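**Q** The following comprises the amino acid sequence and a computationally predicted model.
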Amino acid sequence: MRSSLPPATFYLVLTYVLLSAMPFYPLLLGLPVTRPLQVLGVEVIAWIAAWALFKRPAWFHPLLLPAFLALPTELYLYTYYGQGISTHHLGIMAETSPLEAMEFLGSKAWLLVAVLLGVLAWWASCWRAAWKTRQLDWNDSSRWVVLGVLGLAVAVFAYEKKVGVAPEPKPAAATAARVHLAAAAKPAASATVSASATTWTAPRLPGWAKLPVELDAFARSWPFGLVARGVDFYKERRYLADLNRRSAAFRFDARQGDPANAPDVLVMVLGESARYDRWSINGYTRETNPLLAKEENLVPLQDLITSVSATRLSVPVIISRKPAMQSLKDGFTEKSFLTAFKEAGYKTFWLSNQISFGKFDTPVSVFAKEADTVEFLNLGGFTTRSNLDEVLFDPLARALDDPAPKKLIVLHTLGSHWNYAHRYPARFDKWTPSLRGVDKPVVTDDAIEPRMSNSYDNSILYTDWFLSQVIDKLRSPEKAAALMYVADHGQTLYDKSCDLAFHGHNTQYEFHVPAFVWYSDVYAALYPAKVEQLKRHRAARLSTENVFHTLVDLGDIRYPGERLEWSIASAQWKRHKRYVDSYGWTDYDNARMRGDCREVIDKGTPLPRR
C-alpha cells in the first residue's frame, strides 16, 4: 500500500509535529506540564494562522530557523535543569563571547558544532521538501474566512489590552449598599458625575468577549512561542539599557589612598535569604557555623538590618549609595562600588550563582555589568536542579590568578533560597527529618515547619563551609585581603504560633541579617586602625546602607564627598536612623516586635512610601 502523503509532504508534516511536541517533552522526564490542553490549542491556532497568512509552508519555513537552532538548547535545559529557555538564558547566550563559550565547553565544543550542523541540515532538507510539495498549499476560499476570524481576534485582543475587561457584575444588594455609602460620604458627587459625563471613554470589553488564551501559554508553545520569549528578552534589554543610561555619566573620581600600600584583594559576598539568629556565631544553639567559628580574624556584625526583604530591592542598597527609603523605586542615578574600585585601579569581577534577567533580577544585573568580568553561572534558576554555590569556586580561582595587581571580586550566592533542601549536597543533611527527597512540599501547611527548619539549618551549614572555602583561598602570607559578607534579607519559618513563611512579611526575622568582615594577617598589619574600628563597631546599630561605605573604606579608596561617618572601618563612624519597609517606612529602633511573627511595628507613625 502506498502512503496517502508523498514522502516529502509526510517528512514536512512529521517535522512540524515534532517541533510542536517540544512543550510536552517534560512529561518524558516525569515533570509536569502546566495547562497542556491550552498549550496544544494555542499551537493549533498558531499553525493555522501561519498557514493562512503565508498560504504555503515554503514561504514561512525560513522563519522557523531560530526554533530549529533553539531546539537542542531547550532539550538540554529541560533534561538537566527542568526548565526551558528563559530571558536569563537568552541573556547568557547574548553576552557570552565565542572564546568564553569554547573555554566553557572544552572538548564538547566539537559536539556542539556537529549538533548545529545537523540541525541546519534538518532545517534545509525541510525547506527543500516544502518547495517540492504543493499538497499543503491553501488555495480555497476557507483561507479568507480564517484570515477574517484571525483579524477579528487580533482586534479584540488589541482592544482588551487598550481599555481592559469589565469586572464581573456584583449582586444587586451589594451594589445598592455601595451606592448608598458613596452618596453618604460624598453628597456633591452628582455634580462631578454630571460634569464628567460629557467626556466619552471607550467601554471595557465584556468578560464574555475576552479571548480564552493566556500569553503565558503562547510563550510555552512551540515553535511560535519563542517569539514571545524573544520579545520579553528585548524588553528586559531595553529596561536594562535605560537603567544604564541614567547613570552612564556618573563618576566617583575615586583614587587609592596610598597607592604603594593598597589591599591586594577585596571580596564581597552577597548572601541570600540568610537569617541572623540561625547562625551559631550569633548565638544559635545548633552548630551551624563550625568552620567560621574557628576564624580568629572574623568580626561578626551583631546588629545589621536590611531595609526591605526582597533581593531586587535590597541588593542595590547594599552595593551602591542608594538610600534605604528609595529602595522601592526602580533605578538609581549613581553607580555601585564596582565603579569606585575600577576608578581606583582595581580589576573587578561579578561572579553570580543567581540569574541575570527577569522581573526580580534585572535591577541587580544593571550594577553587575559595571564589572570588568561578569559571569552568571546558574542555568537552573531557583529550581530543584540549580547549581550549588560551589560552582563559583572555579571562576573565583581564575579571578584570583588574574595578573591584575589589585582585584575586587563580588560573589552573589544562592545561599538559602527556597527550596532549602536543594541548596546543599547530601553530606550536609545533618538535621533530619528534612525536606530532602520530598518531591513537592506543601508550603502552605505549617505542619511542615520541623522539616523546613531542619533543611534551612542544613543550608546555613553548607553556607558556612562555602564561606570557609572562600576564606581559605584568600589566606596568603603575601596578600593583603579582606572579605565582607552580608545577606540580602532573612526568612520567616513558621516560628511558634506564627503562620508565615519565607519573606516579604515585615518581620524582624527578615530584616535582621547576618554579616561579618574577615581580614588576612597581612591586611591587619597594613591597616591596624581599620581592624580596630571594625572590632569596636561589631555591636553597633548598622544597616545595609553602611556596606558601600565600609567596603570602599576597607579598600582604602578616597573620593570627593565620601561619608566616612557611614563606614564602620572608620573612627568617624556615627549612628544613623534605620528605616525598614514595614507598613510604611518604620524607624526600626523605635519599633515593637508584635507576636511570634515579630512584625516590626513603629511606636510612632511610619513615614509614607514615596
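**A** Arrived safely.

**Q** In the stretch 51-200 of the chain, mark out all the helices, start to finish.
**A** 57-60, 65-81, 87-95, 98-105, 109-132, 142-163, 172-185, 189-196 (DSSP state H, counting those that start in this stretch).

**Q** Lowest average pLDDT across these?
**A** Note on the helices of the stretch 51-200 of the chain: lowest mean pLDDT is at helix 172-185, with a mean of 38.

**Q** Now do the same for the lengthiest helix in the chain: mean pLDDT, whole number.
**A** Counting residues, the longest helix in the chain under DSSP state H turns out to be helix 449-474. Mean per-residue pLDDT for helix 449-474: 97.

**Q** what's the following helix or strand after it?
**A** strand 481-487 (DSSP states H and E).

**Q** Touching that next one from outside, list them.
**A** 263-275, 301, 304, 306, 318, 415, 467, 470-471, 474-475, 513-520, 522-523, 544, 547, 550-551, 554 (Cβ atoms under 8 Å, 6 or more residues apart in numbering). C-beta here means a position set from N, CA and C on the backbone, and glycine is covered the same way.

**Q** what's the weakest-modelled helix or strand in the chain?
**A** helix 172-185 (a mean of 38; mean pLDDT, DSSP states H and E).

**Q** Give the buried residues for the longest helix of the chain.
**A** Buried positions in helix 449-474, judged by neighbour count with 16 or more other Cβ atoms under 10 Å: 451-468, 470-471, 473-474.

**Q** List only buried entries from the contacts of strand 481-487.
**A** Judged by 16+ other Cβ under 10 Å, buried ones among the contacts of strand 481-487: 263-275, 301, 304, 306, 318, 415, 467, 470-471, 474, 513-520, 522-523, 544, 547, 550-551, 554.

**Q** Just the ones of the contacts of strand 481-487 in strands?
**A** If you go by DSSP state E, the contacts of strand 481-487 have 265-271, 304, 513, 515-519 in strands.

**Q** Most widely separated two among those residues?
**A** The distance between the two most remote of the ones in strands among the contacts of strand 481-487 (Cβ to Cβ) is 24.0 Å, for V265 and V513.

**Q** before we move on, the earlier item: would you reformat the ones in strands among the contacts of strand 481-487 as CSV and include distance to K322?
**A** Output for those, formatted as CSV (distance: Cβ to Cβ, whole Å):
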residue, distance to K322
V265, 26
L266, 20
V267, 22
M268, 16
V269, 20
L270, 15
G271, 19
L304, 17
V513, 17
A515, 18
F516, 23
V517, 21
W518, 25
Y519, 26
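
**Q** ok, of the residues you listed, which one's closest to L328?
**A** Using Cβ to Cβ, these come closest to L328 at V513, 18.3 Å.

**Q** and the gap between the nearest residue to A501 once chain neighbours are set aside and L500?
**A** Nearest residue to A501, sequence neighbours excluded (Cβ to Cβ, 6 or more residues apart in numbering): Y494, at 5.3 Å. Distance, Y494 to L500, using Cβ to Cβ, to the nearest Å: 7 Å.

**Q** Then A50?
**A** For A50 relative to L500 (Cβ to Cβ), the value is 48 Å.

**Q** repeat for L435
**A** For L435, the distance to L500 - Cβ to Cβ - is 18 Å.

**Q** Same check on T79?
**A** Distance, T79 to L500, by Cβ to Cβ: 36 Å.

**Q** which of those two has more neighbours?
**A** Regarding T79 and L500, a neighbour count based on other Cβ atoms under 10 Å identifies L500 as having more, with 20 against 13.

**Q** Tally up the residues packed near the nearest residue to R56 once chain neighbours are set aside, please.
**A** Nearest residue to R56, sequence neighbours excluded (Cβ to Cβ, 6+ apart): D137, at 4.5 Å. The local packing of D137 (other Cβ under 10 Å) involves 14 other residues.

**Q** D137 against K55, yeah?
**A** Yes - taking contacts as Cβ atoms under 8 Å, D137 lies within contact range of K55: 6.3 Å.

**Q** before we move on, the earlier item: ok, now how distant is the residue nearest to A501 from P23?
**A** Applying Cβ to Cβ to Y494 and P23 gives a distance of 36 Å.

**Q** what's the answer for A371, then?
**A** Taking Cβ to Cβ as the measure, A371 falls 36 Å from P23.

**Q** what about R255, distance to R558?
**A** Taken as Cβ to Cβ, the span from R255 to R558 is 6 Å.

**Q** okay, the two: which has more neighbours?
**A** R558 (18 against 15).

**Q** The closest residue to the more buried one other than its chain neighbours: neighbour count?
**A** Distances taken as Cβ to Cβ, 6+ apart place G257 nearest to R558, at 5.0 Å, with adjacent residues excluded. Around G257 sit 13 other residues, with neighbours defined as other Cβ under 10 Å.

**Q** Quick check: pLDDT value at G257.
**A** On the pLDDT scale, G257 gets 95.

**Q** contacting residues around it?
**A** Taking Cβ under 8 Å, 6+ apart, one finds D556, I557, R558 in contact with G257.

**Q** V44: which of the residues you listed is nearest?
**A** I557 (60.6 Å).

**Q** Just confirm the closest one contacts K342, I think it does.
**A** No - judged on Cβ under 8 Å, I557 makes no contact with K342 at a distance of 10.4 Å.

**Q** With neighbour numbers in mind, choose between those two.
**A** I557 (25 against 18).

**Q** Fine by me, thanks again.
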